[in-house]
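Chemist: Need a 3D model of the sequence below.
(chains A and B)
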Amino acid sequence: AQKITQTQPGMFVQEKEAVTLDCTYDTSDPSYGLFWYKQPSSGEMIFLIYQGSYDQQNATEGRYSLNFQKARKSANLVISASQLGDSAMYFCAMRVVGTSYGKLTFGQGTILTVHP
Amino acid sequence: EAQVTQNPRYLITVTGKKLTVTCSQNMNHEYMSWYRQDPGLGLRQIYYSMNVEVTDKGDVPEGYKVSRKEKRNFPLILESPSPNQTSLYFCASSLDRGTYEQYFGPGTRLTVT
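Modeler: Numbering: from 1, shown residues only, chains lettered A, B, ... in the order given. Here you go, the predicted structure:
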């Protein structure tokens, strides 16, 4: 079975500073993908960044980067130069190719609040 | 524009009154899925479909039905809704069951009284 753990229920950051949101995962499948989604107060799920288990380099998308440490089974999201619009719930999720039939397994989420 | 649409976006209903939440995607994706989101639990998969006429249970299928008669549509059916099905529901689709990104619909907020 797969599991995603997000240990930070809430995080606060000052505008223009960087913030790291933690995510650890557990799977015995060697082929998997790790995702981060943003959910603003309006409710939609916005895809931010993807990291494949065989990718050699950490994924980056604009101000978002994923700190992938395979041996430690962690996939932390780093947001640089935080903006007020980054205030939202953030979900880490994993998808394996094996027996989970394409299911995305989600963590419980982290609420990020950006202060001016 | 590539998208997943859901209707209705908001629904308040009473216990036992059958309802259907529609989901449609225009990306020719094979894989479609329904999730429900509850506070403190993240999103959990209800049902999924790997192609037309191929559906199977996810982690929390009790009280729900689905069908996949066309590739683009994947409706979620609640035959006899109960208050514990009050939740935020998301439909999602992806190219296949592999590690590709899943595209989410805007969500349907359901309240069962």
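
Chemist: With residue A:14 as the reference, measure out to the spatially most central residue of chain B.
Modeler: In chain B, the C-alpha nearest the mean C-alpha coordinate belongs to residue B:34, at 3.0 Å (C-alpha atoms, centre = their mean). To residue A:14, residue B:34 is 39 Å away according to C-beta to C-beta, to the nearest Å. (C-beta placed from N, C-alpha, C; glycine too.)

Chemist: What of residue A:51?
Modeler: For residue A:51, the distance to residue A:14 (C-beta to C-beta) stands at 27 Å.

Chemist: what does residue A:5 give?
Modeler: Residue A:5 is 26 Å from residue A:14, by C-beta to C-beta.

Chemist: For residue 48, which non-adjacent residue is spatially closest?
Modeler: Since you didn't name a chain, this refers to chain A. Nearest residue to residue A:48 in three dimensions, chain neighbours excluded: residue A:36, at 4.4 Å (C-beta to C-beta, 6 or more residues apart in numbering or on different chains).

Chemist: The intended chain is chain B.
Modeler: residue B:33 (4.2 Å).

Chemist: what's the answer for residue B:6, then?
Modeler: Nearest residue to residue B:6 in three dimensions, chain neighbours excluded: residue B:105, at 3.9 Å (C-beta to C-beta, 6+ apart).

Chemist: how close does residue B:58 sit to chain A?
Modeler: For residue B:58, the distance to chain A (C-beta to the nearest C-beta, to the nearest Å) stands at 6 Å.

Chemist: Would you mind confirming that that residue is in contact with residue B:36?
Modeler: No: between residue B:58 and residue B:36 there is no contact under C-beta atoms under 8 Å: 9.5 Å.

Chemist: got any residues that touch both of those two?
Modeler: B:44, B:46 (C-beta atoms under 8 Å, 6 or more residues apart in numbering or on different chains).
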